[in-house]
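> Below are the sequence and a predicted model for it; my questions follow.
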Amino acid sequence: MPKHAITAADILLYETYAGERKDRRAAITEVKRPRRIAVGPYATFYFENYATMFHQVHEMLHIERGGAEQLVDELEAYNPLIPNGHELVATLMFEIDDELRRERELRRLTGVETKIHIEVDDARVTAVVPEGEIERTKADGKTSSVHFLHFPFTPELIAKFRDPATRVLIGISHEHYNHLAVIDGASRVSLSADFD
């Protein structure tokens, strides 16, 4: 059964993490590989779980050395990105190297966070932006290059998602960015483990 939250008791001592950091970074790269799904030319979904957030919290503590006071903020920021057992959670990034092109494209993607879904057979799971999340599309229409998204699943859809015979796609259906990608193989196996 997957864990749904990091607690202070889970945190390694600074010295312990520092000594294991190289090996832990190599290991998390392998965990993340099947959880990274590109959709179209510059949108990438990074599906989060306990392991990715455990690593992220430790990296932040290692780099900033803020101790117990910083830990409170890190847990508050990253625990909401751990799936709760009946959802998938992703960080969506629009990765455009050229600054002028990035500015232009993000202005065209107004409200993109409301146009994202996972298709499980003929059912659609629409992405939800968590309550309290800062507005990612500004009043001038420019959206952020980073979005945090939750995909809530019913028990029936979880069962279908886990069935290799079921077709599963992830898509963005914005008028200026309309792309789909298949979720299968190692990605499907890894994401299936996020469900209770």
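The structure has been received and is ready for your questions.
> need the next SSE after the worst-scoring helix or strand of the chain on mean pLDDT, C-terminal direction.
Within the chain, confidence by mean pLDDT, DSSP states H and E is lowest for helix 67-78 among all helices and strands, at a mean of 91. Sequence order places strand 87-94 as the next helix or strand after helix 67-78, per DSSP states H and E.
> Pull out the buried positions in that next one.
87-94 (16 or more other C-beta atoms under 10 Å). To be clear about C-beta, it is placed using only N, CA and C from the backbone, and glycine gets the same treatment.
> I'd like to know which elements it is packed against.
Helices and strands touching strand 87-94, as assessed by 3 or more C-beta pairs under 8 Å, 6 or more residues apart in numbering; DSSP states H and E, comprise strand 43-48, helix 99-108, strand 146-152.
> ok so, going back, what angle separates the least confident helix or strand of the chain from strand 43-48?
Inter-element angle recorded for helix 67-78 and strand 43-48: 120 degrees (by axes from the mean of the first three to the mean of the last three C-alpha atoms, to 10 degrees).
> Show me what helix 67-78 is packed against.
With contacts taken as 3+ C-beta pairs under 8 Å, 6+ apart, helix 67-78 sits against helix 50-64.
> that older thread, could I get the helices and strands packed on strand 87-94 as TSV with mean neighbour count and mean pLDDT?
Putting the helices and strands packed on strand 87-94 into TSV (neighbours: other C-beta atoms under 10 Å; pLDDT from 0 to 100) gives the following:
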stretch	mean neighbour count	mean pLDDT
strand 43-48	22	98
helix 99-108	13	94
strand 146-152	19	96
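> In TSV, list the ones you listed along with distance to Met60.
Formatted as TSV, these follow (distance: least, C-beta to C-beta, whole Å):
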stretch	distance to Met60
strand 43-48	14
helix 99-108	25
strand 146-152	16
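> Tell me the spatial nearest neighbour of the residue minimising distance to the centre of the chain, not counting adjacent residues.
Among the residues of the chain, the one closest to the centroid is Ala90, at 2.0 Å (C-alpha atoms, centre = their mean). Distances taken as C-beta to C-beta, 6 or more residues apart in numbering put Phe45 closest to Ala90, at 4.4 Å, once the chain neighbours are dropped.
> give the contact list for that neighbour.
36-39, 90-92, 170 (C-beta atoms under 8 Å, 6 or more residues apart in numbering).
> Apply 6 Å and report the result again.
Contacts for Phe45 (C-beta atoms under 6 Å, 6 or more residues apart in numbering) come out as 37, 90, 92.
> ok now the host helix or strand of the first one, how far from the chain's centre?
With elements taken from DSSP H and E, the one containing Ile37 is strand 36-39. In terms of C-alpha atoms, centre = their mean, to the nearest Å, the centre of strand 36-39 is found 11 Å from the chain centre.
> Provide the contact partners of it at residue level.
44-46, 170, 172, 179, 181.
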